[in-house]
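**Q** I would like the atomic coordinates for the input below:
(2 chains)
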Number of protein chains: 2
Amino acid sequence: MATPSRIVPTPASAHGGDSAAPLRLAIAGLGTVGAGTIRLLQDHRDHIAARCGRPIEIAAVCARDRTRDRGCDLSGISWFDDPVTMAREATADVVVEVIGGTNGPARDTVEVALAAGRSVVTANKALLALHGLDLARAAEQAGVHLAYEAAVAAGIPIIKALREGLAANRVRRVYGILNGTCNYILTTMQETGRGFEDVLSEAQRLGYAEADPSFDVDGVDAAHKLAILTSVAFGRPVDFAAVSIEGLRRVDAMDIAFADELGYRIKLLGVAEETEHGVLQRVHPCLVPKGGPIASVDGVYNAVVLEGDHAGRAVLEGRGAGAGPTASAVVADIMDLAAGRGAPTFGVPVDRLRQGPSAPIETHVGACYVRLMVVDRPGVFAEIAAALRDAQVSMESILQRGHDPGETVPVVMTLHATVEAAATRALAHIGRIDAVVEPPCLIRIEEV
Amino acid sequence: MATPSRIVPTPASAHGGDSAAPLRLAIAGLGTVGAGTIRLLQDHRDHIAARCGRPIEIAAVCARDRTRDRGCDLSGISWFDDPVTMAREATADVVVEVIGGTNGPARDTVEVALAAGRSVVTANKALLALHGLDLARAAEQAGVHLAYEAAVAAGIPIIKALREGLAANRVRRVYGILNGTCNYILTTMQETGRGFEDVLSEAQRLGYAEADPSFDVDGVDAAHKLAILTSVAFGRPVDFAAVSIEGLRRVDAMDIAFADELGYRIKLLGVAEETEHGVLQRVHPCLVPKGGPIASVDGVYNAVVLEGDHAGRAVLEGRGAGAGPTASAVVADIMDLAAGRGAPTFGVPVDRLRQGPSAPIETHVGACYVRLMVVDRPGVFAEIAAALRDAQVSMESILQRGHDPGETVPVVMTLHATVEAAATRALAHIGRIDAVVEPPCLIRIEEV
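**A** Predicted coordinates for the structure are as follows:
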């Protein structure tokens, strides 16, 4: 009889003896996510210890204000005023960074923690999108882990699904609704017929949008998350600069109504796909068919679709933000570390990430919706048609609701799949037609 | 500066040096799944080695017929005629069981492999549902792992999501479409208006249903999967005998049409939920609202919904069967083992599984749809209403399409949420009314 070799040295914890030594945490940041994480760890202490095979102990915390009531018990926990000092000096195995921000204390805390040989769990998508490669390298050099499930679509274990659950697949495309604020605004515009500014103000009053909403509504937050997903899905260095980004502000209530009439919903999507020109990453509003898996994802929900070459299409939908879902993801990462489950930061070691070309948005091929504001007079359609013909762009349909000679009316076209550069050229010509009184509004159509 | 303790002994593989020793497999069964697994391992050899940090080597295979062409390269691989001998003697770290079947060679192979100190990867839901607890105990005693992602909703990494990604949550409810054959039949009935037997025959011709379809259409396959999900979600010993099972055969084309009119689709669901009487596990046809996350899951797709106390609702949808999705799940398990990522079989060690009460289906509380075949004559509604009153069951609506005195016509009622036992009593009375010429057809309504 052959003796099998042990697969790996199995830690005592792999079969769950929670008599094992506790995993000690230092938590930097006690805002919504930090306090939510502590509450979850305290409320489900036994459940968590049983599931990961050892107790989790909060050894140290750090925040600016010591006196605020955060709805969690901080007694017996060391308090640090400075997160970087904590990352360096606390008696902790893992540093949890939930401060936020791209540079400054968040980045310093993570760098110092990794350099000190501590694994890091973070919810910081901006940090990962901008400095992920350097941080991954630092984690590898220190022989520790950098985990960030909470950074993308909090309540959906999407990083784990890509990095482990569907790891055998080559991914052809990954896309989804990655920003709950934008989705809430679009859903409300759809349901009420109200305009963008109006709904945004309401979302701000309700706390669904920030006082400065640009990060969300201009697509930056979704682009951070897309850059991370792209890296894990395609095994490439994270490259935020390569993401083409367009936000929501140009979407008019009228566009939502026309899309509805054409059989579509408008969603802000992040899409990453392998093309003949390289990997194309783009964030922009899209028309998606009403029957597909994305159109019915409403309100603050996020959804991510993966297309694997063996698994086929998988769709994961859940809450993208909030204390509960984010804490759930942070604690899942902590539990993985406690149980000895790890993976390279972006799925493969840094030196195995493939530095292939990034495709520019001009090479994108797809159908699109175009709305023009046009003075209603004879001959305008002919001019538009000529501009399309000259750019070799093929129209699928054109629609003018209402007829009001001499007044400005919307004209909506759908264009057959075309190279973006050609559509842009055609629209530049059309924009110069006298009767076209506003810059054309183009929204891409994704048949997903 | 405090020195952090190492979290766990990190295997060389955790950061992906694929110079590490290969993980050696012995694969029992070379049917669709076995051959698909070998093809995937061979096609994506480098990709897989980079992602899990070491090469995967197929050391041995076993099947009945040596001569058949399976579309994969078996040269240089040891051949065994008997899987149990292979499980005992092959030079392998992991045994992959894709023979199928509850007893006989599949069970023997898994037991012998575990006893020999080899981890096991299996796609066998029946085996896990019926003998999972014993096998989990055997794996623990041997200090090895038993992995089975492919056993439930193949293309969806649902076991990993429950056991790791959402492990910090207490799950309140888990439910879903767990059998692709049933969903294909229901979708086709919905789309074409055709009857069950007719669509089933077609599905058999197309290879979507087995020659003996009872395992699928009577709900047994879905119940196996539900029993496994329940164990992982609630941390309980797997208990197939506690699942209340009803299949598809009683669903008539008429019911699908009436459901549509009432705003619902009919789906075969598996539902497990915490109730005041214990955990209730049930598989049966359901009316689900058209707008919800389940209604639009069509054809051979599966979907699973988890309700966690912190993450909220998460929905995972994907292909539930087929060579590609199943091989994707089998190889993901293999990659986890290669990378040293493991978890207790059902999420917690066997002695930590909580043996709480199972609720019987009679305690289920819910709304329902009832179709009666009734002779159209005055006074029948009064008799039906009296029977409901006597059982203290409250009707929400009643509907008779068409009026044809003296002939048999369908009458459809929806009942407000009621205890199942009361509804059953009321329907027994109604069934005894002279004018009611067939046993009443009850289909539960799930507002999901």
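**Q** quick one: what helix or strand has the residue nearest the centre of chain A in it?
**A** Centrality entry for chain A: nearest residue to the mean C-alpha point is A:Lys225, 3.0 Å, by CA atoms, centre = their mean. Using DSSP states H and E, A:Lys225 maps to helix A:220-234.
**Q** just checking the distance from whichever helix or strand comes after that helix to the centre of its chain.
**A** Moving toward the C-terminus from helix A:220-234, the next helix or strand (DSSP H and E) is strand A:244-245. Remark: strand A:244-245 is offset 13 Å from the chain centroid, using CA atoms, centre = their mean, to the nearest Å.
**Q** and if you look at stretch A:223-235?
**A** Counting by CA atoms, centre = their mean, stretch A:223-235 comes out at 8 Å from the chain centroid.
**Q** now do stretch A:303-316
**A** In terms of CA atoms, centre = their mean, the centre of stretch A:303-316 is set 16 Å apart from its chain centre.
**Q** do stretch A:253-264 as well
**A** The answer for stretch A:253-264 is 25 Å, by CA atoms, centre = their mean.
**Q** who's in contact with it?
**A** A:186, A:189-190, A:193-196, A:265-266, A:287-290, A:295, A:369, A:371, A:397, A:399, A:410, A:412, A:414, A:441, A:443, A:445 (CB atoms under 8 Å, 6 or more residues apart in numbering or on different chains). All C-beta spots, glycine's among them, are computed from the backbone N, C-alpha and C.
**Q** tell me which residues in it are buried?
**A** For stretch A:253-264, the buried set under the neighbour-count rule, 16 or more other CB atoms under 10 Å in any protein chain shown, comprises A:253-259, A:262, A:264.
**Q** same question, stretch A:370-385
**A** Under 16+ other CB under 10 Å, the buried positions of stretch A:370-385 are A:370-376, A:380, A:383-384.
**Q** give me the element A:Asp216 is part of.
**A** helix A:214-217.
**Q** what parts of the stretch 251-400 of chain A come near chain B?
**A** Where the stretch 251-400 of chain A comes near chain B, counting by CB under 8 Å from any CB of the partner chain, the residues are A:291, A:293, A:296, A:308-319, A:322, A:324-325, A:327-329, A:331-332, A:335-344, A:347-349, A:352.
**Q** and the buried residues of stretch A:253-264 as a markdown table, adding secondary structure and pLDDT?
**A** A markdown table is the format used below for the buried residues of stretch A:253-264 (DSSP: H, G, I helix; E, B strand; the rest coil; pLDDT from 0 to 100):
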| residue | secondary structure | pLDDT |
| --- | --- | --- |
| A:Ala253 | helix | 96 |
| A:Met254 | helix | 96 |
| A:Asp255 | helix | 97 |
| A:Ile256 | helix | 97 |
| A:Ala257 | helix | 96 |
| A:Phe258 | helix | 97 |
| A:Ala259 | helix | 97 |
| A:Leu262 | helix | 95 |
| A:Tyr264 | strand | 97 |
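**Q** quick one: pLDDT of the closest residue to A:Val94 other than its chain neighbours?
**A** Counting by CB to CB, 6 or more residues apart in numbering or on different chains, A:Ser119 is the residue found nearest to A:Val94 once chain neighbours are left out, at 4.8 Å. What the model reports as pLDDT for A:Ser119 is 98.
**Q** residue contacts, the residue lying closest to A:Phe215 once chain neighbours are set aside?
**A** Leaving aside its chain neighbours, A:Phe215 sits nearest to A:Asp221 (5.2 Å; criterion: CB to CB, 6+ apart). By CB under 8 Å, 6+ apart, the contact set of A:Asp221 is A:125, A:178-179, A:181, A:215.
**Q** backbone phi and psi for the nearest residue to A:Leu353 once chain neighbours are set aside, please?
**A** Excluding the flanking residues, the one nearest A:Leu353 by CB to CB, 6+ apart is A:Pro237, at 4.9 Å. Backbone torsions of A:Pro237, given as degrees, to the nearest 10, read phi -60, psi 140.
**Q** show the pLDDT at A:Pro237.
**A** We have a pLDDT of 98 for A:Pro237.
**Q** contact partners of the strand or helix carrying A:Leu127?
**A** Taking DSSP H and E as the criterion, A:Leu127 maps to helix A:125-142. Identification of contacts with helix A:125-142 by CB under 8 Å, 6+ apart yields A:97, A:100-102, A:106-107, A:110-111, A:114-117, A:119-120, A:122, A:145-146, A:148, A:151-152, A:221, A:223-225, A:227-228, A:231, A:237-238, A:240, A:344-346, A:349-350, A:353, B:15.
**Q** can you count the residues close to A:Val61?
**A** 26 (other CB atoms under 10 Å in any protein chain shown).
**Q** so what's A:Gly278 closest to, chain neighbours aside?
**A** Counting by CB to CB, 6+ apart, A:Pro357 is the residue found nearest to A:Gly278 once chain neighbours are left out, at 3.3 Å.
**Q** in this structure that neighbour contacts A:Thr275, no?
**A** No. Checked against CB atoms under 8 Å, the pair A:Pro357 and A:Thr275 is beyond contact range at 9.6 Å.
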